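Asks: Whatever this is, show me its structure:
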Amino acid sequence: MKAVVDPSLCIGCTQCAGLCPEVFSMEGTLAVAIPGEIPGEDVPQAVQAAEACPVGAIQTSD
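Replies: Numbering: from 1, shown residues only. As a prediction, the model looks like this:
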């Protein structure tokens, strides 16, 4: 699975980085996801973080 944060939607709430710091981090005031495939053990937390995004800025794909 991969995750991408849309910078035009991100409001910098830090929720994703707080829930899954293995995949999401903050660059300045915006969140970013690690490039490439998310390690299998981090997928459940990454999905939870994506679903928790208050503005739907995180897209996931298989």
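
Asks: Every contact and neighbour count from this point should use C-alpha atoms.
Replies: Fine.

Asks: show me where the chain has strands.
Replies: 2-5, 24-27, 30-33, 58-61 (DSSP state E).

Asks: Which of those sits closest to residue 47?
Replies: Proximity to residue 47 (C-alpha to C-alpha) singles out strand 58-61 among the strands of the chain, at 7.7 Å.

Asks: Name the strands paired with the closest one and say parallel or antiparallel.
Replies: With DSSP bridges as the test, strand 58-61 is paired with strand 2-5 (antiparallel).

Asks: mind saving the C-alpha coords of the partner strand as PDB?
Replies: What follows is strand 2-5, C-alpha atoms only, in PDB (Å, rounded to 0.1, in the frame of the first residue of the first chain):
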ATOM      1  CA  LYS A   2       1.100   3.600  -0.700                       C
ATOM      2  CA  ALA A   3      -0.100   6.800   0.800                       C
ATOM      3  CA  VAL A   4      -0.100  10.400  -0.600                       C
ATOM      4  CA  VAL A   5      -0.900  13.600   1.100                       C
END
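
Asks: For it, give me every contacting residue.
Replies: By C-alpha atoms under 8 Å, 6 or more residues apart in numbering, the residues outside strand 2-5 that reach it are 31-38, 46, 57-62.

Asks: Kindly reformat the strands of the chain as a markdown table and extend each row with mean neighbour count and distance to residue 18.
Replies: A markdown table is the format used below for the strands of the chain (neighbours: other C-alpha atoms under 10 Å; distance: least, C-alpha to C-alpha, whole Å):
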| stretch | mean neighbour count | distance to residue 18 |
| --- | --- | --- |
| strand 2-5 | 20 | 15 |
| strand 24-27 | 17 | 8 |
| strand 30-33 | 21 | 11 |
| strand 58-61 | 14 | 14 |
